[in-house]
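Colleague: turn this into a structure:
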Amino acid sequence: MELHSLVFLAQGGGGSGGGGGAPNMIFFLVIIGAMFFLMYRSQKKQANERKRMLASIKAGDTVITNGGIRGEVTKVTDKSYFIKVADGVKLEVVINGVAAVEKDSSDEGKDSSKDAKGKEEEKKEGKKGK
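Modeller: Sure, this is the predicted structure:
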């Protein structure tokens, strides 16, 4: 054997067991496809969640705009919301200008107090049962 033949065999270019390129390429493409699929689903889910949030805004809700302004919705139209920022200050904000809807703190307080009372009662009942 000549020297260049030995170098060729040492590099794995000849002989048996060579050709592993196609399965590696298919595996790589499957991984890339799965990654794009997962990213697409995530973005689609976030977009649907945002549409639901914007559609559920009604007068009386407290919203935060993309600019960071917080106010109470006074009127809802097809293309915009009117929000009251302070006494005598009302702004018209396009629908996509709303970043978030704040939860009503009075509702949260009621729910959390009910949960706390329920947990206390469960603890008392658990101690009685032992």
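Colleague: for residue 22, give its distance to residue 37.
Modeller: Here the criterion is CB to CB, to the nearest Å. By it, residue 22 lies 22 Å from residue 37. No exception for glycine: its C-beta is placed from N, CA and C like everyone else's.
Colleague: ignore the last one, residue 29
Modeller: 12 Å.
Colleague: quick one, helices of this structure?
Modeller: Under the criterion DSSP state H, helices of the chain are mapped to 3-10, 21-55, 105-129.
Colleague: low-confidence ranges in this protein?
Modeller: 1-20, 104-130 (pLDDT under 70).
Colleague: quick one, domains of it?
Modeller: 21-56, 58-120 (automatic domain parsing).
Colleague: can you redo those as CSV with mean neighbour count?
Modeller: Putting those into CSV (neighbours: other CB atoms under 10 Å) gives the following:
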stretch, mean neighbour count
domain 21-56, 10
domain 58-120, 13
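Colleague: mind checking how far residue 88 is from residue 27?
Modeller: 65 Å.
Colleague: need the contact list for residue 73.
Modeller: By CB atoms under 8 Å, 6 or more residues apart in numbering, the contact set of residue 73 is 57-63, 81-84.
Colleague: do I have it right that residue 59 meets residue 75?
Modeller: Yes. In this structure residue 59 lies within contact range of residue 75 using CB atoms under 8 Å: 6.3 Å.
Colleague: ok, the residue nearest to residue 82 when sequence neighbours are not counted - contacts?
Modeller: Of all residues not flanking residue 82 in the chain, residue 75 sits nearest, at 4.1 Å (CB to CB, 6 or more residues apart in numbering). By CB under 8 Å, 6+ apart, residue 75 lies in contact with 59, 81-82.
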